[in-house]
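Visitor: Quick one, structure for this:
(one chain, ligands or ions: 2)
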Amino acid sequence: MSNAILRAEGVYSGYGRGDIISDVNISVDRASITTIIGPNGAGKSTFIKTVAGVVRRRAGRILIDGYDVSGMSPSDVSRHAVAYVPQERNIFRSLTVMENLEMGAWIEPRKFDSRVARVLDLFPALNALKVVRAGNLSGGQRQMVAFGMALMVEPKLLLLDEPSAGLSPVMVEQMFAVIQQVRESGIAIMMVEQNAIQALRVSDVGAVMSAGRVAMIGSASELLGDREVAELYLGTRT
Ligand SMILES: Nc1ncnc2c1ncn2[C@@H]1O[C@H](COP(=O)(O)OP(=O)(O)OP(=O)(O)O)[C@@H](O)[C@H]1O
Ligand SMILES: [Mg+2]
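Guide: Numbering: from 1, shown residues only. Ligands and ions are numbered 1, 2, ... in the order given. The predicted structure follows:
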């Protein structure tokens, strides 16, 4: 059995005419963390959305645990134990925190109780906010709810689009600590991040996307140590 939970092979996708991402090849191993970095507009979100089935792939194959999910709808992809947390609009603002978590358990509602206990364990701050409408939460609290909702699916692969965006420095650290805990529980994570250095420090694999292609992929420590990557993408210039 292959150790890959995700294999993207020669994936192309886009919105109108022309492709946004071209020939993307990325594999993610079980219980590992992969971080994708790269400039704005490089196609990072488009790639994650394509894996989640939100954007249709035009060519290539996407395999989840060996199953070809290319062309499946987002709900069918999530039945293969994939959870996706979008960059924006990732919670139901008019619902309470608990109602949001319930939405995450839609595939197996009977498992709600055990899973919610696990989510509250990872994000203890949510305990006091159970009946608060998500629209009234701070940015950091909303990210916890979005993350928690994704974990309610009990995914094998978690797709996170900029999980630390808009968080205070302390919250950013907490977010990456939780991401590591989630990996330790056996879940693989593929995330896009602008906090590139911090994200790569907790990652196994790093990839640079540029103009819709994978410009570089290697171990996270390799990327952290690469001078060109540091100058162009890690914000360590001057
Ligand atoms: N729904 C859409 N319809 C048409 N074009 C889109 C759509 N979403 C994104 N694009 C275009 O696709 C390109 C890649 O966008 P994408 O959001 O994937 O980049 P990104 O690498 O995630 O950027 P960022 O770092 O800013 O989040 C951009 O040129 C963007 O304008
Ligand atoms: Mg993006």
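
Visitor: tell me the contacts of Leu200?
Guide: By CB atoms under 8 Å, 6 or more residues apart in numbering, Leu200 lies in contact with 35, 37, 206, 220-221, 223-224, 234. Bear in mind the C-beta positions are built from the backbone N, C-alpha and C, glycine included.

Visitor: which of those residues tops the neighbour count?
Guide: Within the contacts of Leu200, neighbour counts (other CB atoms under 10 Å) peak at Ile37, which reaches 28 neighbours.

Visitor: residues in contact with that residue?
Guide: For Ile37, the contact set (CB under 8 Å, 6+ apart) comprises 44, 192-194, 196, 199-200, 206-209, 223, 233-234.

Visitor: Find the centremost residue of the chain, please.
Guide: With the centre of the chain defined as its mean C-alpha position, the nearest residue by CA atoms, centre = their mean is Leu160, 1.6 Å away.

Visitor: ends of stretch 106-120, how far apart?
Guide: End-to-end span of stretch 106-120 (CA to CA, to the nearest Å): 18 Å.

Visitor: List the buried residues in it.
Guide: The neighbour-count check on stretch 106-120 (16 or more other CB atoms under 10 Å) flags 112, 115-116, 119-120 as buried.

Visitor: what's the answer for stretch 64-82, then?
Guide: Neighbour-count burial for stretch 64-82, with 16+ other CB under 10 Å as criterion, is recorded at 64-65, 69-70, 72, 77-78, 80-82.

Visitor: Ok, stretch 187-205 next?
Guide: Under 16+ other CB under 10 Å, the buried positions of stretch 187-205 are 187-196, 198-200, 202-205.

Visitor: Using PDB, write out the CA atom coordinates for that stretch.
Guide: Output of stretch 187-205 as PDB, limited to C-alpha atoms (Å, rounded to 0.1, in the frame of the first residue of the first chain):
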ATOM      1  CA  ILE A 187      -4.300  13.300   9.800                       C
ATOM      2  CA  ALA A 188      -2.300  14.600   6.800                       C
ATOM      3  CA  ILE A 189      -2.400  18.400   6.200                       C
ATOM      4  CA  MET A 190      -1.800  20.300   3.000                       C
ATOM      5  CA  MET A 191      -1.800  24.100   3.700                       C
ATOM      6  CA  VAL A 192      -1.200  27.300   1.900                       C
ATOM      7  CA  GLU A 193       0.600  29.900   4.000                       C
ATOM      8  CA  GLN A 194       1.900  33.400   3.900                       C
ATOM      9  CA  ASN A 195       3.600  33.000   7.300                       C
ATOM     10  CA  ALA A 196       6.000  30.900   5.300                       C
ATOM     11  CA  ILE A 197       8.900  30.500   7.800                       C
ATOM     12  CA  GLN A 198       6.700  29.500  10.700                       C
ATOM     13  CA  ALA A 199       4.600  27.100   8.500                       C
ATOM     14  CA  LEU A 200       7.700  25.400   7.000                       C
ATOM     15  CA  ARG A 201       9.100  24.900  10.500                       C
ATOM     16  CA  VAL A 202       6.200  22.600  11.400                       C
ATOM     17  CA  SER A 203       6.100  21.000   7.900                       C
ATOM     18  CA  ASP A 204       7.700  17.900   6.400                       C
ATOM     19  CA  VAL A 205       7.400  19.000   2.800                       C
END
